[in-house]
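Visitor: quick one: sequence plus predicted model below, questions after.
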Amino acid sequence: VLWAQRDPVNHRNLAHLLLQMGKRGRAFSEYRDACSLAPMDWAVRVEFGHVLMDFQQLGPAAGVLAEAEAECSDCPEVLRALVRLHLLRGDHQRALAPVAALHSSTPSSETREQYALILLRTGGAAGARDLLLPHWPEGLSGSERRIVLEADRLLGDSSRALALAGIDQPGWDDPDFWGLAALICYDAEADEAGLSHVDRAIGLAPSNASYRNNRVALLMRLGRGVEADAEWAIVLQLDPSLADNRQD
């Protein structure tokens, strides 16, 4: 840097080393120098933006990424950084446009999952489901399968949850998936199927009081009061705060 103080690459390299040495403040200063010396370099701004996000410096990261976006608004790296920033801020609505552009330009299983989740969280349950259903079920990750069921529940569609009975394959080991399938069946008054699904969830996460509480509700609707009482005792052992939940 001393030999070529106007070379932004030197400042960027020094920033890398300072971060590895734990000298965050000096590293940020070197990144700022690199940005000022290369006003049209969106890549160094994206890199600095990710570093700032790593340290939860979301306000400064937003400023740096705005500069990057001004230079290359459709660059995948810029879009990816913007999506990350908005998600860290909990702003799914602002993440929607960049993730849609990102998935359109450079589609991948990662961008598909992100896009579907953001659609779901912004009121686009139908769009999220349409994005994922062509790959249902084997072509989806566990999280994506759960997104499909979340969309189904919001849309009042129990067909997929009811069709899950008897599935026993590797990779179907997400207790939240089966717990959600049980809730969909409960909403549809398909209590036998719901009980089968919640039993699957409990088998995967036996100490989850919420699953067991839902099992009590299903058993009660099926008229199996003795089993429901025994299950309720377990619920109270796991989470006494649920004591007021039961309505016989």
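Guide: In hand now; what should we look at?

Visitor: if you count neighbours, what's buried in whichever helix or strand Glu30 is part of?
Guide: Under the criterion of DSSP states H and E, Glu30 resides in helix 24-37. Going by neighbour count (16 or more other C-beta atoms under 10 Å), the buried part of helix 24-37 is Ala27, Phe28, Glu30, Tyr31, Asp33, Ala34, Cys35, Leu37. Glycine gets a C-beta too; all of them are placed from N, C-alpha and C.

Visitor: once you drop chain neighbours, what's closest to the fifth one?
Guide: Going back to what we said before, that points to Asp33. His11 (4.4 Å; C-beta to C-beta, 6 or more residues apart in numbering).

Visitor: what do you get for the first one?
Guide: Taking C-beta to C-beta, 6+ apart, and ignoring the residues beside it in sequence, Ala27 has Leu18 as its nearest neighbour in space, at 3.8 Å.

Visitor: what does the last one give?
Guide: Spatial nearest neighbour of Leu37, excluding adjacent residues (C-beta to C-beta, 6+ apart): Pro8 at 4.0 Å.

Visitor: do you know how far the one you found is from Pro39?
Guide: For Pro8, the distance to Pro39 equals 10 Å [C-beta to C-beta, to the nearest Å].

Visitor: before we move on, the earlier item: so who does the residue nearest to Asp33 touch?
Guide: Shown in contact with His11 (C-beta atoms under 8 Å, 6 or more residues apart in numbering): Val1, Glu30, Tyr31, Asp33, Ala34, Leu37.

Visitor: can you check Ala243 too?
Guide: Taking C-beta under 8 Å, 6+ apart, we find Ala243 in contact with Leu236.

Visitor: what pLDDT does it get?
Guide: pLDDT, Ala243: 86.

Visitor: with Pro170 instead?
Guide: Here the pLDDT value assigned to Pro170 is 67.

Visitor: which SSE is the nearest residue to Arg146 once chain neighbours are set aside in?
Guide: Spatial nearest neighbour of Arg146, chain neighbours left out: Phe177 (4.9 Å); criterion: C-beta to C-beta, 6+ apart. Using DSSP H and E, the element containing Phe177 is helix 175-187.

Visitor: picking up where we left off before, of Pro8 and Pro39, who's got more company?
Guide: Neighbours were counted for Pro8 and for Pro39 using other C-beta atoms under 10 Å; Pro8 has more, 19 against 10.

Visitor: pretty sure the more buried one sits against Ala38.
Guide: Yes. Applying C-beta atoms under 8 Å as the test, Pro8 and Ala38 come out as touching, 4.0 Å apart.

Visitor: tell me the secondary structure for the residue nearest in space to the middle of the chain?
Guide: The chain has Leu117 as the residue nearest its centroid, 6.3 Å off, counting by C-alpha atoms, centre = their mean. The assignment at Leu117 comes out as helix when based on DSSP: H, G, I helix; E, B strand; the rest coil.

Visitor: tell me, how many residues neighbour the closest residue to it other than its chain neighbours?
Guide: In this structure, Leu117 finds its nearest non-sequential neighbour in Ile147, 5.9 Å apart by C-beta to C-beta, 6+ apart. Here the number of neighbours of Ile147 (other C-beta under 10 Å) works out to 23.

Visitor: and for Glu138?
Guide: Count around Glu138 with other C-beta under 10 Å applied: 8.
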